[in-house]
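Participant: Kindly generate the corresponding structure for this input.
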Amino acid sequence: MKKFRIFILMCLAILVLGALSACGLPELSRPSNLKLDKEKKILTWSAVDNARGYVVEIVGKRSVTTDKTSYSFENVELDEGKYTIRVKARGNGIDYDDSAWATVSYTQPYTSGMKYTLINN
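Facilitator: Reported below is the predicted structural model:
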């Protein structure tokens, strides 16, 4: 009889967990209007209603959280090559879940690392 009660309790626990996981929160909309100023290395996007912040990720390099709708990666050292930069809106986990990622591509050109200033002719 004791084993039967344990079995019933286990089944109920599994059903409750399944029901809770099926009742997901509404997802925030994905950030839109991503614009990348390649010269200044600044990414901007439109605000998402009910977002408590944003996660910006340079895939394979850096991930940061911000409250702003822009991110400057001017001081991030990137090797020559192609990068995917993605942004998602953060929900509060109570009323809203995080959004899906919005992505943009960026190509870091080759730089010699040398800077010069023309003085005379």
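Participant: Helices of this structure, start to end?
Facilitator: With helices called from DSSP state H, the chain shows them at 2-22.
Participant: which stretches of this protein form strands?
Facilitator: Secondary structure of the chain (DSSP state E): strands at 35-37, 42-44, 54-58, 62-66, 70-72, 81-89, 102-108.
Participant: what mean pLDDT would you report for the longest one?
Facilitator: Yep, that's strand 81-89 we're talking about. Averaging pLDDT along strand 81-89 yields 95.
Participant: Parallel or antiparallel, list what pairs with it.
Facilitator: Partners of strand 81-89 in the sheet, by DSSP bridges, are strand 54-58 (antiparallel), strand 102-108 (antiparallel).
Participant: Make JSON lines out of those strands and add distance to L9 and mean pLDDT.
Facilitator: Any C-beta I mention is one placed from the backbone N, CA and C, and that applies to glycine too. JSON lines is the format used below for the strands paired with strand 81-89 (distance: least, Cβ to Cβ, whole Å; pLDDT from 0 to 100):
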{"stretch": "strand 54-58", "distance to L9": "39", "mean pLDDT": "96"}
{"stretch": "strand 102-108", "distance to L9": "44", "mean pLDDT": "93"}
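Participant: As JSON lines, the strands of the chain with mean neighbour count and distance to K2 would be great.
Facilitator: Listed next are these as JSON lines, based on neighbours: other Cβ atoms under 10 Å; distance: least, Cβ to Cβ, whole Å:
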{"stretch": "strand 35-37", "mean neighbour count": "13", "distance to K2": "64"}
{"stretch": "strand 42-44", "mean neighbour count": "18", "distance to K2": "61"}
{"stretch": "strand 54-58", "mean neighbour count": "19", "distance to K2": "49"}
{"stretch": "strand 62-66", "mean neighbour count": "12", "distance to K2": "50"}
{"stretch": "strand 70-72", "mean neighbour count": "16", "distance to K2": "59"}
{"stretch": "strand 81-89", "mean neighbour count": "18", "distance to K2": "48"}
{"stretch": "strand 102-108", "mean neighbour count": "14", "distance to K2": "54"}
